[in-house]
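In: any chance you could fold what I've pasted below:
(2 chains)
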Amino acid sequence: MEEELNQNQKNSRRQFLKKGLIAGAGVAVGSGLITAYVDATASETGEKVKVLTTDGEIMEVDRGLLKLPRVSRQESHKGIPGRKFVMVIDLGKCKNARKCVEACQKGHHLPKSQEFMKVYLLQDSEKTAPYWFPKPCFHCDNPLCVSVCPVGATYKRSDGIVLIDNERCIGCKFCMTGCPYSTRVFAWKHYPEFDEDKEPYSPEASSPGKEGTVSKCDFCPDLIRVGKIPYCASACPMGVIYFGDVDEDTVTNGTETFQFSKLIHDRAGFRYLETLGTRPCVYYLPPVDRQFEVDRGFGDLEESVKERYKDTPYSKKNKP
Amino acid sequence: MELEQKNPLREFAPQLERTSIQGYVWIIFLLMVIGVGFYAFLQQVIDGHEVTGMRDNVVWGVYIVNFIFFMGISYAGALISGTLHLFKTPWRKPIIRMAEFITIIALLIGPCFILLCIGRLDKLYYLVLFGRIQSPITWDVIAISTDIFGCFIFLYLSLLRDLATLRDYELLQLPKWRKKLYKMLALGYTGTPEQQQRLNRASDIMAAMVIAIAIIVYSVLAWIFSVTLQPGWHSTIFGPYFVIAAVYSGSAVLILCMWVFRKIYHLEEYITKKHFVAVGVIMLVLAAFFGYFTFSDYLTKWYGSEKNDELLIQLLFKEFYWPFIISNYLGVLLPLVVVGIAKFRTITNITLTAVVVVIALWLNRYLIVVPTLESPYLPIQDSRPEWLNYSATWVEWSLTATGVAVFCLLFTVASKFVTIVPVSGLIKEEKKEDVLL
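Out: Numbering: from 1, shown residues only, chains lettered A, B, ... in the order given. Reported below is the predicted structural model:
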C-alpha cells in the first residue's frame, strides 16, 4: 500500500513538472501563492483567475481548468508553507441554521451520524445567557490527541492544522478520550456515503472515510489550496464563521474581511476552556449584540435534531 | 520402593492421569461459551464495531473494563507469588502455584480485550512498525510484553523441580508424548546442590523482578487514563490506586481458586483454613488500602469540586447508585467485617466475601471508565439514546463470558499438566515441617 502510494506520488509529481506550471490563486483569503496545476480535460467556466508560472510571470487561466490533485499522504504531513490558520466564530450571530453542518457533511462525504462540526446549545450557568455554540476541531497548538496517538496517525502540521491519516490509524480511540472537546468521531461501520467519493484518499480531504478509524474536522486544507475557505465558513448564511491566517492577520467569512488581531481585541475574543492548556486555534467572539433570539435556533429543525436540546437547562426552563 | 510410596505424586497422580465425566462436561461447557464468543467476535469483525454498545462518547466500554480487570488479577498473582517467595512465607507452598497460574493465564487474556477495542485489527502491527514512544499505549505495549516474558520465566523456574519429579516418577500412567514433554521441559534438572543453588538464585531474582515489573505495568495502565484531561481520570492518585485495586482483586481470585481446587481435587489436607485466613488477612489489609485510596480520590473530587467533577459525582450517585454502593462500600467493608471478626472467619464466609470482592472490583473499573466518558466537558447533546448512555450489547457480554471461560479452561488444562500443588515443595516440606509449620 505504502509503495503504491509512493508510486502515485511520483507519477503526480512527474506530471506536475511536465505541465511546468506553478499557479498561485489568491482568492477569498487574500492569501499568497498556492500551488496548482491546470487540468486540460476540464471544461471552461468563463471565469478567469490569475496564476503565477515557474518563470514568475502572471497569466490568466480559466477557473474551470484549475484542478488540484489531492495531495499524497506523505505530502499532507508538511503543511502549507508560511501559513498559520485560524478560525473565529461569532457567537452573537449564530442561530443554529445548521448549514455549516450540512455543507461539511456533504463536502466530506459523511453520513448523518458523523458530524465534524457540531452545534451545541450552551448556558454557562443558570443566570447567564444561553447561546448557540458551533464547535469544529480546535486544531490545538498543544494537541493531546497527537501526543497520545501510538502510531503517528494524527499529526500537527507547520500550518497549524491537525490531521488524521486514516490509512495509518489503527482505531484504538485513545485520541478520542484524549480530546477534551469531544471533537473526534469514529466510523463504527462502513457507511454508504463513503463510497460516494471516487477520488483517491487523502488526509487533507478526510475522505473517503474508512471503517474502524477516527476522523474529525480538518479545516479543509484541500479547499485552502485552491484559495477557498472551509465548507462551514462559506455555507453559513449569517457569516458566523471567519477563517484566515494569523501571520497575515486576516480572517474572512467570504463577504467580510477583518484584521484578526483587531477583531479579537475589539470584540474580546476568547478560546473555549482556555484553562486546559491545549492552546486552540479557534477563537470565539462572545454572544453579545445578538441578531437573533436563541429560540430562533429551533426554527425549522428536524425533529431528531430538536430532540438533542431537550435536556439542556434552557429547554427545561422554557418548557411550555 | 518405600521412597516411591512416600512420594506425594502418588496421591496427586490421578488428577493428572484421569479426567472425570464431570470434568469433560465442564470442558465442553467452557468450549461452548467460547464458541458463542467466537461467533460474537465474527459479528463484530463483519458488521463493524456498531454491534457493540460503544459510540462516539463512550468509546471504551466493557472491553476496557475487562482488560483492566484481567491485567489486575494477573499483576496480583505476580505480586502475591513474588512476595510470598521472597519472604519465604512458610505456608505459601500449596497455593503459590495457583497464584503463578493466575498471573500468566490472566496476562494472556487481558490484552486480548484491548484488541477487541481496536477498530483496525488488520493494522495492529503498526504499533511496532510506527510505534511512538510518546504514547502511553506504546509504554503499555512494551510493559505488557516485558511482563509476559518475565512472568513466563518466573513460572517456568518454579515449575522446574516438579517437571523433574514428574519425569522421574515411573508409575505415572501417561501417554508417551507427555512423558517425553516432561523430560524435555525438565532441562536435565536432577537436583544436584549446584543446580539447586542456581535455581534458587534465579527464582529469587525473578521474584523480585516480577514484583517490580507488575507495579510498573499496572501504573502504566493507570496512566493511560490519568494522562488525559477527562474529569475523573486526570488524577495523580491513579497509579498507586490501580496497583492496590489490582492486588486486592487478585487476592480475592486466589481465594476462589483455592476453594475450587480444594473441592475438586480434595486438597483439604494441604489447603487448610489456615491458608484461607492467611490470604483473607492479606485481602483485609488490601481492602483497607483500597478503601482509603477510593475515599481520597472521591473526597478531593467532591469537596473542592470543579463543575465537571461535580457532574461526575452526581452521575455516580444517581444513575450508578447501586454499582457505586456495591463496589465502593460493600467491596471495602465486607472483608473488614468477615475477616476482621474472628467469629465470621470460616472458609465459606471468606470465599463468599472473595466473590463479592471480585464483582465489586469489576464494577469499580466500570465506574472509572464509563461515567467519565458519559460526562465530558462539553455536554453530550444527542437524540440517539445509545449515544447518550452506554449499555453493553450481547456481543460484548458474550466476549466477556468468553474471557472468563478461557481463564477457567486454561486453568483446568494447566492443572492437568502439572499438579496444582507443587509436589517437590511438599517433599522438602515434610522434612522441615516441624520447624516451619
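In: how much space separates residue B:212 from residue B:288?
Out: Counting by CB to CB, to the nearest Å, the separation of residue B:212 from residue B:288 is 24 Å. No exception for glycine: its C-beta is placed from N, CA and C like everyone else's.
In: neighbour-wise, which of the two wins?
Out: When residue B:212 is set against residue B:288 and neighbours are counted by other CB atoms under 10 Å in any protein chain shown, the residue ahead is residue B:288, at 16 against 13.
In: so the more buried one: helix, strand or coil?
Out: Taking DSSP: H, G, I helix; E, B strand; the rest coil as the rule, one finds residue B:288 in the helix state.
In: CA atoms only for stretch A:205-221 - export them in PDB, please.
Out: Written as PDB, here are the backbone C-alpha positions of stretch A:205-221 (Å, rounded to 0.1, in the frame of the first residue of the first chain):
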ATOM      1  CA  ALA A 205      -9.800  15.700   2.200                       C
ATOM      2  CA  SER A 206     -10.600  13.300   5.200                       C
ATOM      3  CA  SER A 207     -12.400  11.400   2.500                       C
ATOM      4  CA  PRO A 208     -13.300   8.700   1.600                       C
ATOM      5  CA  GLY A 209     -13.900   7.600   5.200                       C
ATOM      6  CA  LYS A 210     -12.700   4.300   6.400                       C
ATOM      7  CA  GLU A 211     -14.400   1.900   8.700                       C
ATOM      8  CA  GLY A 212     -12.800   1.400  12.100                       C
ATOM      9  CA  THR A 213     -10.800   4.600  12.100                       C
ATOM     10  CA  VAL A 214     -11.200   8.000  13.700                       C
ATOM     11  CA  SER A 215     -11.800  11.200  11.800                       C
ATOM     12  CA  LYS A 216     -12.600  14.900  12.500                       C
ATOM     13  CA  CYS A 217     -12.800  18.400  11.200                       C
ATOM     14  CA  ASP A 218      -9.700  19.100   9.100                       C
ATOM     15  CA  PHE A 219     -10.000  22.900   8.400                       C
ATOM     16  CA  CYS A 220     -10.400  21.800   4.700                       C
ATOM     17  CA  PRO A 221      -6.800  22.200   3.500                       C
END
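In: what about that stretch, near chain B?
Out: Yes. Part of stretch A:205-221 sits near chain B under the criterion CB under 8 Å from any CB of the partner chain, namely A:210, A:211, A:212, A:213, A:214.
In: tell me the spatial nearest neighbour of the third one, not counting adjacent residues.
Out: This points to residue A:212. Nearest non-adjacent residue to residue A:212, counting by CB to CB, 6 or more residues apart in numbering or on different chains: residue B:119, 3.0 Å away.
In: do the same with the fourth one
Out: Take residue A:213 and drop its neighbours on the chain: the residue closest to it by CB to CB, 6+ apart is residue A:169, 4.0 Å away.
In: one step back: and the residue nearest to residue A:212, what is it in contact with?
Out: With contacts defined as CB atoms under 8 Å, 6 or more residues apart in numbering or on different chains, residue B:119 is in contact with A:169, A:170, A:171, A:172, A:173, A:186, A:187, A:211, A:212, A:213, A:214, B:49.
In: contacts only, for the fifth one.
Out: Taking CB under 8 Å, 6+ apart as the definition of contact, the neighbours of residue A:173 are A:186, A:214, B:59, B:60, B:117, B:119.
In: for residue A:237, see how far away the second one is.
Out: Distance from residue A:214 to residue A:237, counting by CB to CB: 30 Å.
In: of these two, which one has the most company?
Out: Residue environment comparison for residue A:214 versus residue A:237 gives the larger neighbour count to residue A:214, 27 against 10, counting by other CB under 10 Å.
In: tell me the spacing between the more buried one and residue B:249.
Out: In this view, residue A:214 and residue B:249 are 31 Å apart by CB to CB.
In: likewise residue A:255?
Out: Here the distance between residue A:255 and residue B:249 works out to 62 Å (CB to CB).
In: higher neighbour count, these two?
Out: Neighbours of residue A:255 and residue B:249, each counted by other CB under 10 Å, are more numerous for residue B:249; the result is 32 against 8.
In: okay, whatever residue of the stretch 201-320 of chain A ends up closest to chain B: pLDDT?
Out: When distances are taken as CB to the nearest CB, the stretch 201-320 of chain A reaches nearest to chain B at residue A:212, 3.0 Å away. In the prediction, the pLDDT value recorded for residue A:212 is 94.
In: which residues of the stretch 51-200 of chain A lie near chain B?
Out: The stretch 51-200 of chain A has residues A:113, A:118, A:120-122, A:135, A:144, A:147-152, A:168-174, A:176-178, A:180-182, A:184-190 near chain B, with proximity defined as CB under 8 Å from any CB.
In: filter these to the buried ones?
Out: A:113, A:118, A:120-122, A:135, A:144, A:147-152, A:168-174, A:176-178, A:180-182, A:184-190 (16 or more other CB atoms under 10 Å in any protein chain shown).
In: that older thread, and the residue nearest to residue A:213, what does it touch?
Out: With contact taken as CB under 8 Å, 6+ apart, residue A:169 is in contact with A:151, A:153, A:154, A:210, A:213, A:214, B:119, B:120, B:123.
In: count the residues that sit near residue 318.
Out: Just going to use chain A. For residue A:318, the count of nearby residues is 12 (other CB under 10 Å).
In: if you could check chain B rather than the one you did, that'd help
Out: The burial count for residue B:318: 9, using other CB under 10 Å.
In: that one and chain A, how far apart?
Out: Using CB to the nearest CB, to the nearest Å, one obtains 14 Å as the distance from residue B:318 to chain A.
In: do the same with residue B:25
Out: Taking CB to the nearest CB as the measure, residue B:25 and chain A are separated by 39 Å.
In: mind giving me the packing neighbours of the strand or helix carrying that residue?
Out: Assigned by DSSP states H and E, residue B:25 belongs to helix B:21-47. Where contact means 3 or more CB pairs under 8 Å, 6 or more residues apart in numbering or on different chains; DSSP states H and E, helix B:21-47 is packed against helix B:394-417.
In: now the helix it packs on: mean pLDDT?
Out: In this model, helix B:394-417 carries a mean pLDDT of 94.
In: what's that helix packed up against?
Out: Applying 3+ CB pairs under 8 Å, 6+ apart, one finds that helix B:394-417 makes contact with helix B:9-17, helix B:21-47, helix B:62-86, helix B:93-117.
In: which parts of that helix are buried?
Out: Of the residues in helix B:394-417, B:395-396, B:398-412, B:414-417 count as buried by neighbour count, 16+ other CB under 10 Å.
In: so what touches it?
Out: Outside helix B:394-417, the residues that touch it by CB under 8 Å, 6+ apart are B:15-16, B:19, B:23, B:26-27, B:30-31, B:33-34, B:36-41, B:43-44, B:51-53, B:61-63, B:66, B:70, B:101, B:105-106, B:108-109, B:112-113, B:116, B:257, B:261, B:265, B:392, B:420.
In: what secondary structure does the residue in the stretch 151-300 of chain A that chain B sits nearest to sit in?
Out: Residue of the stretch 151-300 of chain A nearest chain B, by CB to the nearest CB: residue A:171 (2.0 Å). Following three-state DSSP, the label given to residue A:171 is coil.
In: from residue B:39, how far out is it?
Out: If you measure residue A:171 against residue B:39 using CB to CB, the figure is 22 Å.
In: list the contacts for the residue of the stretch 151-300 of chain A closest to chain B?
Out: Residues in contact with residue A:171, defined by CB under 8 Å, 6+ apart, are A:186, A:212, A:213, A:214, B:118, B:119, B:120.
In: and stretch B:207-218, which residues are buried?
Out: If you call a residue buried by 16+ other CB under 10 Å, then stretch B:207-218 has these buried ones: B:207, B:209, B:210, B:211, B:213, B:214, B:215, B:216, B:217, B:218.
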